[in-house]
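Asks: here are the coordinates; sequence isn't available:
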């Protein structure tokens, strides 16, 4: 729902036939849509490029679709750019939805090589089409799982991304995930502790509930952080199915992807960026605040310049925080 009278930008829809996703074990379509926003009065040429990594249970085009009572992201951009609060940018919205309900935006033999898709396929396609972005002119942003993707990409690929923003990005895995494993196991127990049986029952349901979504989310993380090539769809959990005890070697594979730990060895990568934005709500119901604070403190200890904010809200419905992060990214990338 538009909240501005300024001229709207244009949404272009591109299609990519991905090779990076060809061997995913989920059977997901390798033909991917990328919506691209170009601001009014521009054709994209020489503008910075931002990439929106959406949170779990969404795909990029969900952010360009109509929303009741509030703005979608293109409408937000129209307002911010039209009011002079933000420099003009091109924004790409890649569809990264999967059979497991979402994405962590990393390479996985189960999920597909999403890191490669974004960097080696999506970026060149968008930049060639609109003559935008390029070295030193690319930024990535997202919330929740998308925030995680932004954090990890910034740490692992400072040669690709020049700026990044994370809103409540997954971090501090011991607080975020450990308390949820008992609920996942109780869901699996109804299907004889079989992930395969649970998945088949889930996919046959005419109606889903929140507990289904949470179980699926944990399987999505498992496929991203610790896939098992011998298991059904490569899915295994880092806990014993009968007593919910941590399996150390499995859990270590999860922790290897925790940004609150990764920052210790990747702080210098953040320091190479033109800008790095990090925030989280003080009432985040998934306790992501504590992992986010650890990232902030680690960067401070390393003397890495960044922008860090906390705000009085929880994990949900926080798109309004883009009013802070997007102008920041546009500013640093326009320099």
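Replies: Sure thing, it's come through. None of these values were measured; they are calculated from a predicted model.

Asks: from here on, contacts and neighbour counts on C-alpha atoms
Replies: Will do.

Asks: And the helices in this structure, which stretches?
Replies: Taking DSSP state H as the test, the helices found in the chain are 73-82, 114-116, 123-130, 145-156, 173-176, 181-189, 195-204, 210-225, 248-255, 259-271, 288-301, 322-333.

Asks: Just the buried positions in the third one, please.
Replies: So that's helix 123-130. Buried residues in helix 123-130, defined by neighbour count with 16 or more other CA atoms under 10 Å: 123, 125, 126, 127, 130.

Asks: Show me which of these is closest to residue 170.
Replies: residue 123 (23.7 Å; CA to CA).

Asks: how much space between the closest one and residue 51?
Replies: As judged by CA to CA, to the nearest Å, residue 123 and residue 51 stand 9 Å apart.

Asks: Please apply the same query to residue 138.
Replies: Separation of residue 138 from residue 51 (CA to CA) stands at 8 Å.

Asks: higher neighbour count, those two?
Replies: Between residue 138 and residue 51, counting by other CA atoms under 10 Å, residue 138 is the more crowded of the two (27 against 23).

Asks: who's in contact with that one?
Replies: With contact set as CA atoms under 8 Å, 6 or more residues apart in numbering, residue 138 has these partners: 48, 49, 50, 51, 160, 161, 162, 163, 333.

Asks: Which of the residues you listed ranks first by neighbour count?
Replies: Neighbour counts for the contacts of residue 138 peak at residue 49, which has 32 neighbours (criterion: other CA under 10 Å).

Asks: so that residue touches residue 135, yeah?
Replies: No - contact criterion CA atoms under 8 Å: residue 49 and residue 135 do not qualify, at 10.2 Å.

Asks: Counting neighbours, what do you get for residue 67?
Replies: The tally of other residues near residue 67 (other CA under 10 Å) stands at 14.

Asks: tell me the domain ranges of the chain?
Replies: Structural domains assigned to the chain are 10-171+258-333, 175-255, following automatic domain parsing.

Asks: Of these, flag the one that's most buried.
Replies: Highest mean neighbour count among these (mean count of other CA atoms under 10 Å): domain 10-171+258-333, with a mean of 21.

Asks: That one - what's its average pLDDT?
Replies: The average pLDDT for domain 10-171+258-333 rounds to 98.

Asks: Can you check the distance spanned by that domain, start to finish?
Replies: Distance between the boundary residues of domain 10-171+258-333 (CA to CA) amounts to 21 Å.

Asks: Find the residue at the geometric middle of this protein.
Replies: In the chain, the centroid-proximal residue (CA atoms, centre = their mean) is residue 146; its distance is 1.4 Å.

Asks: residues contacting it?
Replies: Applying CA under 8 Å, 6+ apart to residue 146 gives the contacts 52, 53, 54, 55, 56, 103, 104, 105, 166, 169.

Asks: Likewise for residue 189?
Replies: Contact partners of residue 189, counting by CA under 8 Å, 6+ apart, are absent.

Asks: Tell me the pLDDT of it.
Replies: Looking at residue 189, its pLDDT is 98.
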